[in-house]
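[1] my questions are about this predicted structure, shown below with the sequence.
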2 protein chains.
Amino acid sequence: MESDDFDLQDFLPYLLNQAAEASSLAFQQVYKDRYGMLRTEWRVLFHLGIYGRMTAREIGQRSKMHKTKISRAVQKLADRRFLTRRPDDDDRRLEWLDLTSQGRAAYRDLREIAMRYDAGLSDKLTARENAVLRQALRKLAQDR
Amino acid sequence: MESDDFDLQDFLPYLLNQAAEASSLAFQQVYKDRYGMLRTEWRVLFHLGIYGRMTAREIGQRSKMHKTKISRAVQKLADRRFLTRRPDDDDRRLEWLDLTSQGRAAYRDLREIAMRYDAGLSDKLTARENAVLRQALRKLAQDR
DNA sequence: CGTTGTTAGTTACAAAATCAACCGTTAACT
DNA sequence: AGTTAACGGTTGATTTTGTAACTAACAACG
């Protein structure tokens, strides 16, 4: 009964979460069904696909994922021959990660789908909404 | 190494997720530290606080949370005397959920914090960004 | 050198999310 | 009524995440 003037749908953390979940649902289905990947795994794959050879540490800095998540994702991707790991010669704590050709193929495939998917989302918005949205999201994502 | 023109920071599902995570971090800390609640739990609390008496089913429809999450959140909130449950007289599958006075107090407390918190986030954006952002997010969150 | 602190990455264990199967109840159809 | 399907909600098994403690390697400073 007694209702209330506070609007959950206007509370930014909630609204952001709803939008994020809704807008990633169908894409999630793709990398899951097609490659049996988790979100952490396609993220690692994408980082390597986009930026080329990296260490887990660099991926962590860019993505803000916790290092245990990355460690596990790398393990799975290595098991499935999507990437190879090689210790650095100078600093043997570091491991350089490279996509295999299989990994690159998966990346290219998923990137294609991601681009079309993103275009589909953009279509729901006006040009101005798209520009302002991305700008605003970047500001919000910034500090952490 | 071979880099790539695809920009992860422009991929909406990724960007949305980053923004959502960053912007809920500090608030999460509050309901966790202050009331030992999980995200699912404050969501149920907020739904009841805002809309008054509801069933788990209705909460599920509004929030899109899975029913097992809701069931467990309701259980915990009932254990801690934040809400009471009473079966419907006509349809005994349904259970009506009501906040206790303790639950309402927690809700009011957290709502206050949420409003200030949201204002703090809004301050990072211009008035126009705020308006367009929320509008766009609502569109994206819409279909599911 | 040797101690102490830091870093990259892993592992172990607990907390939480997911998924399917389930129970009791109501609805639909014969 | 009697059967079957659907619904609200719960439970249990499995998967995934989070947290902390750990290993191995390097760095800094005496």
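    Sure thing, it's come through.

[2] so who does the closest residue to A:Y14 other than its chain neighbours touch?
    Distances taken as Cβ to Cβ, 6 or more residues apart in numbering or on different chains place A:L8 nearest to A:Y14, at 5.4 Å, with adjacent residues excluded. Glycine gets a C-beta too; all of them are placed from N, C-alpha and C. By Cβ atoms under 8 Å, 6 or more residues apart in numbering or on different chains, A:L8 lies in contact with A:14, B:46-47, B:50.

[3] again, 10 Å this time
    A:14-15, A:18, B:43, B:46-47, B:49-51, B:62-63, B:111, B:114 (Cβ atoms under 10 Å, 6 or more residues apart in numbering or on different chains).

[4] just these: which are in helices?
    Counting by DSSP state H, the contacts of A:L8 place A:14-15, A:18, B:43, B:46-47, B:49-51, B:62-63, B:111, B:114 in helices.

[5] who wins on neighbours among those?
    A:Y14 (25 neighbours; other Cβ atoms under 10 Å in any protein chain shown).

[6] now that one: how far from A:D5?
    To A:D5, A:Y14 is 16 Å away according to Cβ to Cβ, to the nearest Å.

[7] how about A:Q75?
    Relative to A:D5, A:Q75 is positioned 49 Å away (Cβ to Cβ).

[8] got it, and A:K76?
    Distance from A:K76 to A:D5, by Cβ to Cβ: 47 Å.

[9] which of the two has more neighbours?
    A:K76 (16 against 6).

[10] quick one, what contacts that one?
    Applying Cβ under 10 Å, 6+ apart, the residues near A:K76 are A:36-38, A:40-41, A:44, A:82-83.

[11] which of those has the largest number of neighbours?
    Counting by other Cβ under 10 Å, top hit in those: A:V44 with 29 neighbours.

[12] can you tell me the closest non-neighbouring residue to it?
    Going by Cβ to Cβ, 6+ apart, A:V44 has A:A73 as its nearest residue, at 4.6 Å.

[13] that neighbour contacts A:F46, doesn't it?
    No: in this structure A:A73 lies outside contact range of A:F46 using Cβ atoms under 10 Å: 11.2 Å.

[14] quick check: neighbours shared by the two?
    Common contact partners of A:A73 and A:F46 (Cβ under 10 Å, 6+ apart): A:I59.

[15] ok, so what distance separates the closest residue to chain B within chain A from DNA strand D?
    Closest to chain B within chain A is A:G52: 2.7 Å, counting by Cβ to the nearest Cβ. Distance, A:G52 to DNA strand D, by Cβ to the nearest atom of the strand, to the nearest Å: 23 Å.
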